[in-house]
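Enquirer: Give me the fold of what follows.
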Amino acid sequence: MDFLPTLPLATNTLFFFGFLLFCGALGGYLAHRVSWIPSITGFMLVGLLAGPNGLHLFGYESLANAKVVVDISLALILYRLGLSLDWRAIVHDKALIAVSLVEAALTFAAVYFALVWLGTPQLPAAVIGAIAISSSPAVLIHVAHELGAEGPTTERSEALVALNNVIAFLVFAALLPALYNQSNAPLATMIGSPAYQLLGSTVLGLLMGLALHHVARTTQGAAQYSLALVVGAVAMTLGLAMMFKLSVLFAPLVLGVVVRSVERKNVLANMEFGPAFELFFVALFVYAGANLHLKEMLAFAPAAAVFVLARSLAKWVGVAATGSLMGWPRKANVNVGLILLPMAGMAIGLANTTADQFPYPGAIVASVVLAAVAVFETIGPPVVARALRWAGDVPHNPEDRGLTVADAQFEPVDYGQHGTHDDDHEGSDGSDGSHAGAAGATGVAAHSDSGDATHIDSADNSGHDQTSQDKPHTA
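Expert: Prediction:
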């Protein structure tokens, strides 16, 4: 009977994408019941429980088949992160550049020397040090959106996360010749491959960014199609990067930077992504929880522990010390370094690239990095949420009532008593507390007090201006 399905049943990408969303919604709902747990933690816990390390409802093969969903999700997040980098503003913000360079250099040095002291070979330790510079944009974007965080600390954090990922990719590319030399590759490969990866990804992001800007400006009278243009451009950039063997991480980031830098009327920078975009966040973090490598975490526990400790101290001390010297407020100095701790997409991508191309050093790099990612992705969301609250960037404090921002809308509000609550909120930067996201790097340079801060993009209201009324869609 050929019309019957064959056993065992084979899952497909469409089913798995739906499964990720379904499980993520349940995990997010459960997390919302506890005010201090970000929904990201709920997404990851559900993925961990359902995945190969828990009930084994699906295995690593199913995760591999669904990787295209995760690639698109991460590319969209990197694009939105790129929108927060306006190079015209950043080049004039010497304090931001100084903090970024010092923090990145200190992170690389601390992780490298700590791992070499532990007995890790020098070249793998250097590659791990380069990867350690990167930070997770997805955690900051989602937690800031969930808490409605906006203000100078959030702005600086977004800019530093974007710069961290750019610097991490550049340092990683600079180490590729040494990796090729160790594997006895020809000179043309040693020089040509890093140059091709870096220049090719930059050119691809530049061309796609200019094309997207031109089409969006031409069709700006039909704003309802802007989201389709952006998702289509990001998907094409991702596909072209795969076709030409370029970086699927760096090209979407460059795409966002180009769009942000060439726009004058903010046709795309002001675009509202809408609650449907949160589907990609849910799928990404459920996948991340299911794909945690607990065996590697246990096998490489000493190296991972040293990595986590050295990286955490370096980022916190680097930002705090340099920020103080550059005149940043104390709240920013203390909390921005904590917000930089989560590490995921860029780190995993660079570690997997190393493992695929260079088996011996790649095995060491991937094992240590994936074990550390498991730790950072577990502790990262609560740490970021707490740091944003300490910084005073969360518009109001629903913890006093045991509610999350997502739940607070269902509670009756006596405007006679609470109408000026946000005006008294320290560090809200003059906002009315209704926005769901945070301003980007332009606000760092311009010190904007406009109150039009957004979910990820710049202080001139770039990106996704989502209000707290949308929160049930993100659960």
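Enquirer: Output stretch 104-120 as PDB, nothing but the C-alphas.
Expert: Coordinates of each C-alpha in stretch 104-120 appear next as PDB, following Å, rounded to 0.1, in the frame of the first residue of the first chain:
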ATOM      1  CA  ALA A 104      38.200  43.700  22.600                       C
ATOM      2  CA  ALA A 105      42.000  43.700  23.000                       C
ATOM      3  CA  LEU A 106      41.700  42.900  26.700                       C
ATOM      4  CA  THR A 107      39.200  40.100  26.000                       C
ATOM      5  CA  PHE A 108      41.500  38.500  23.400                       C
ATOM      6  CA  ALA A 109      44.600  38.700  25.600                       C
ATOM      7  CA  ALA A 110      42.800  37.400  28.700                       C
ATOM      8  CA  VAL A 111      41.300  34.400  27.000                       C
ATOM      9  CA  TYR A 112      44.500  33.600  25.000                       C
ATOM     10  CA  PHE A 113      46.900  33.700  28.000                       C
ATOM     11  CA  ALA A 114      44.400  31.900  30.300                       C
ATOM     12  CA  LEU A 115      44.000  29.000  27.800                       C
ATOM     13  CA  VAL A 116      47.800  28.800  27.100                       C
ATOM     14  CA  TRP A 117      48.400  28.700  30.800                       C
ATOM     15  CA  LEU A 118      46.000  25.800  31.000                       C
ATOM     16  CA  GLY A 119      47.900  23.900  28.300                       C
ATOM     17  CA  THR A 120      45.900  24.700  25.200                       C
END
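Enquirer: residues making contact with that stretch?
Expert: Stretch 104-120 has contacts (C-beta atoms under 8 Å, 6 or more residues apart in numbering) with 122, 124-126, 128-130, 132-133, 163-164, 167-168, 171, 302-303, 306-307, 309-311, 313-315, 317-318, 364, 368. C-beta: built from backbone N, CA, C; applies to glycine.
Enquirer: Same question for stretch 4-19.
Expert: By C-beta under 8 Å, 6+ apart, the residues outside stretch 4-19 that reach it are 58, 62, 65-66, 68-69, 283.
Enquirer: Please repeat the previous calculation with a cut-off of 10 Å.
Expert: 50, 57-59, 61-63, 65-70, 279, 283, 286-287, 290 (C-beta atoms under 10 Å, 6 or more residues apart in numbering).
Enquirer: For ChimeraX, write the selection for the buried entries among these.
Expert: Selection of buried members from those for ChimeraX, criterion 16 or more other C-beta atoms under 10 Å:
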select :50,58,62,63,65,66,69,70,279,283,286,287,290
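Enquirer: mind listing which of the contacts of stretch 4-19 are in helices?
Expert: 50, 61-63, 65, 67-70, 279, 283, 286-287, 290 (DSSP state H).
Enquirer: tell me the two of the residues you listed that are most distant?
Expert: The distance between the two most remote of the ones in helices among the contacts of stretch 4-19 (C-beta to C-beta) is 23.4 Å, for 61 and 279.
Enquirer: where are the low-confidence patches of the stretch 151-300 of the chain?
Expert: Residue ranges of the stretch 151-300 of the chain with pLDDT under 70: 265-267, 269-270, 272-274, 276, 296.
Enquirer: all helices of it, in order?
Expert: Under the criterion DSSP state H, counting those that start in this stretch, the stretch 151-300 of the chain contains helices at 152-182, 187-218, 226-243, 250-262, 278-290, 294-299.
Enquirer: Out of those, the one nearest residue 328 is which?
Expert: Residue 328 sits nearest to helix 152-182 of all the helices of the stretch 151-300 of the chain, at 7.5 Å, using C-beta to C-beta.
Enquirer: Next, the angle from the closest one to helix 250-262.
Expert: 140 degrees (axes from the mean of the first three to the mean of the last three C-alpha atoms, to 10 degrees).
Enquirer: quick check, distance from helix 152-182 to the centre of its chain.
Expert: 13 Å (C-alpha atoms, centre = their mean, to the nearest Å).
Enquirer: about what we covered before: output the helices of the stretch 151-300 of the chain in CSV; the columns should cover distance to residue 346.
Expert: Converted to CSV, the helices of the stretch 151-300 of the chain look like this (distance: least, C-beta to C-beta, whole Å):
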stretch, distance to residue 346
helix 152-182, 5
helix 187-218, 13
helix 226-243, 14
helix 250-262, 9
helix 278-290, 13
helix 294-299, 18
